[in-house]
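J.: fold the following.
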Amino acid sequence: MKKILFIATGGTIASRRSDSGLKPQITPQELLEYIPQVKDICQIEAIQLLNLDSSNMEPKHWKLIVHTIREQYEAYDGFVIAHGTDTMAYTAAALSYMVQNSKKPIVITGAQKPIDLEITDAKSNLLDSFLYASDAASQGVSIIFDGKVIAGTRAKKVRSKSYNAFSSIDYPYLAVIQDLNIMRYIPMIPYEEEVRFYEKLDENIYLMKLIPGIKPRVLSSIFENYDCIIMESFGVGGIPHSIADAFYELCQKHPDKLVVMATQVAHEGSDMTVYEVGHDMKKNCRFLESYDMTLESVIAKTMWILGNFPGEQERLEDIFYKNINYDLIFGKNRKC
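T.: Alright, predicted model coming up:
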């Protein structure tokens, strides 16, 4: 029987009502009592690593989770992390870069309703996660929610209340789970390299969302104070005329800053070759393009790159466009 480490971090799944609203209060041992049938699936040891509303999840907490997995990696066959839904996609993306080539599954799950309610998705999500983490064909970082297995870099929360809260963006579900049966859509190709852990992140990243009529007033401060600027642009991508001159001037003034172009559109990604506003940027600014990566993955990947490969400007492009845990498909052969 597989031995799984259950890492509790708080979230709705472990919340009870208080005078000020839902608050994480249920211990991991109590969570397991709601799914007694899990004893027939695997052997579980549980720890309360954090006890957060996931809106308060920060990169320092990702480092703590990764450090814990690293310390316990040889002692267990897999890991299940109970997590709040609001930042779950960010955590899954971050762990995908911070724990690479893991032959042991690292599963992140949670719920839209607390586990102690009569009607809840918590029990099925938790049971499915232990089932998947105990299966010999499972590996890497994934989210399990509403019977769907989603690659850690492809998940996005798309509904705030419904049980089918997460979608896999521009990539198939790895598997679905129904009645304790795992039906795999994507065959797991065993990792050839050894597992690698990374515990450094550069959090000095600014995400700038473009809106119609945006003015360049804050651009200078952003370039001066941040190591990376991620531009969340319109459509397939580009810089509008209202900020173009100032933006290109700052790109040339700060060539050491990493600029990444992303899109506000959830599906199908960016392509800066389509419109004039994209062509102009290619002529005036050195940047990386997110293509079909999720925004959560772009943010986590740039933190990981800048934290672990400082001063390696010439390698940044190759590292950014390397496919890690299915994060980049359409753009991997279209470097800027």
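
J.: what's the closest non-adjacent residue to the residue of the chain most remote from its centre?
T.: The C-alpha centroid of the chain is most remote from D245, which lies 33.3 Å away (CA atoms, centre = their mean). Nearest residue to D245, sequence neighbours excluded (CB to CB, 6 or more residues apart in numbering): P216, at 7.9 Å. For every residue, glycine as well, the C-beta is placed using N, CA and C.

J.: quick one, phi psi at the one you found?
T.: As for P216, its main-chain torsions (degrees, to the nearest 10) stand at phi -90, psi 10.

J.: what of the one 3 residues further on?
T.: According to degrees, to the nearest 10, the main-chain angles of L219 amount to phi -60, psi -40.

J.: cool, P114 as well?
T.: Here the main-chain torsion angles of P114 (degrees, to the nearest 10) amount to phi -60, psi 150.

J.: V260 now?
T.: The phi/psi pair for V260 (degrees, to the nearest 10) is phi -120, psi 130.

J.: touching, it and I230? I think so.
T.: Yes: assessed by CB atoms under 8 Å, V260 is found in contact with I230 at 4.7 Å.

J.: before we move on, the earlier item: tell me the mean pLDDT over the helix or strand harbouring the residue farthest from the centre of the chain?
T.: Taking DSSP states H and E as the definition, D245 sits inside helix 241-253. Helix 241-253 shows a mean pLDDT of 93.

J.: what does that helix rub up against?
T.: Residues outside helix 241-253 that contact it (CB atoms under 8 Å, 6 or more residues apart in numbering) are 213-216, 219-220, 223, 239, 257, 259, 277, 280-281, 284-287.

J.: quick one on the thing from earlier: which residues sit in contact with the residue nearest to D245?
T.: 242-243, 245-247 are the contacts of P216 under CB under 8 Å, 6+ apart.

J.: M1 now?
T.: Contacts for M1 (CB under 8 Å, 6+ apart) come out as 42-43, 134.

J.: same deal with M183?
T.: 175-177.

J.: shouldn't it be within a strand?
T.: Yes: residue state for M183 (DSSP: H, G, I helix; E, B strand; the rest coil) corresponds to a strand.

J.: please renumber the chain so that the first residue is 34 from this point on.
T.: All right, first residue 34 from here; so that's M216.

J.: any figure for the gap between it and K233?
T.: Distance of M216 to K233, given as CB to CB, to the nearest Å: 38 Å.

J.: pLDDT value on V310, please?
T.: Looking at V310, its pLDDT is 64.

J.: and R217, what is it in contact with?
T.: 170, 207-208.

J.: one step back: now do the shared contacts for V293 and I263.
T.: If you check V293 and I263 against CB under 8 Å, 6+ apart, the residues they both contact are 331, 335.

J.: show me the domain layout of the chain.
T.: 36-230, 238-353 (automatic domain parsing).

J.: those: lowest mean pLDDT?
T.: By mean pLDDT, the lowest-scoring of the domains of the chain turns out to be domain 238-353, with a mean of 91.

J.: tally of neighbours for I68?
T.: Residues lying near I68 (other CB atoms under 10 Å) number 20.

J.: how about the nearest residue to the residue nearest to the spatial centre of the chain, chain neighbours excluded?
T.: Nearest to the geometric centre of the chain sits A126, at 2.2 Å (CA atoms, centre = their mean). Nearest residue to A126 in three dimensions, chain neighbours excluded: A333, at 4.0 Å (CB to CB, 6+ apart).
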